[in-house]
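Take this sequence and fold it.
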Amino acid sequence: MPHCPSHHSPFPPKDPETEERLRREEEERASKKAAGGGKAKATNLLDPKVLQNVGIALAKFRLPIADIRAAVLALDEDVLSIDMVHDH
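You can find the predicted model right below:
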């Protein structure tokens, strides 16, 4: 849509004070991120005890997690046989 002088923008007019405040806030976020303070915190959806038990169970397969995941998704019984799963 071509710009028309009578067309009103849905955004408020630019305010120099607001622009300066936003610029300072962005600089602060960038400096915190560079200092390591902006790292995202990992969120677990499972209880820590459940996570520990799952980790122990997966370690018993003695396979890399990526291989276990691929075998489960592909339903590959050559990698994860019924006996392997039941024994653990």
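
Any regions of the chain where pLDDT drops low?
Counting by pLDDT under 70, the chain has low-confidence residues at 1-13, 35-40, 87-88.

Helices along that one, start to end?
Along the chain, the stretches classed as helices by DSSP state H are 16-34, 48-59, 65-74, 82-87.

what comes up buried for the first one?
Spelled out, it's helix 16-34. Taking 16 or more other Cβ atoms under 10 Å as the neighbour-count basis, helix 16-34 is seen to contain no buried residue. Placement of C-beta: from N, CA and C, glycine included.

about what we covered before: which of the helices of the chain sits closest to residue 41?
Evaluated with Cβ to Cβ, the helices of the chain place helix 16-34 nearest to residue 41, the distance being 13.6 Å.

quick revisit: include distance to residue 42 when you put the helices of the chain into CSV, please.
Below are the helices of the chain laid out as CSV (distance: least, Cβ to Cβ, whole Å):
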stretch, distance to residue 42
helix 16-34, 16
helix 48-59, 11
helix 65-74, 16
helix 82-87, 28
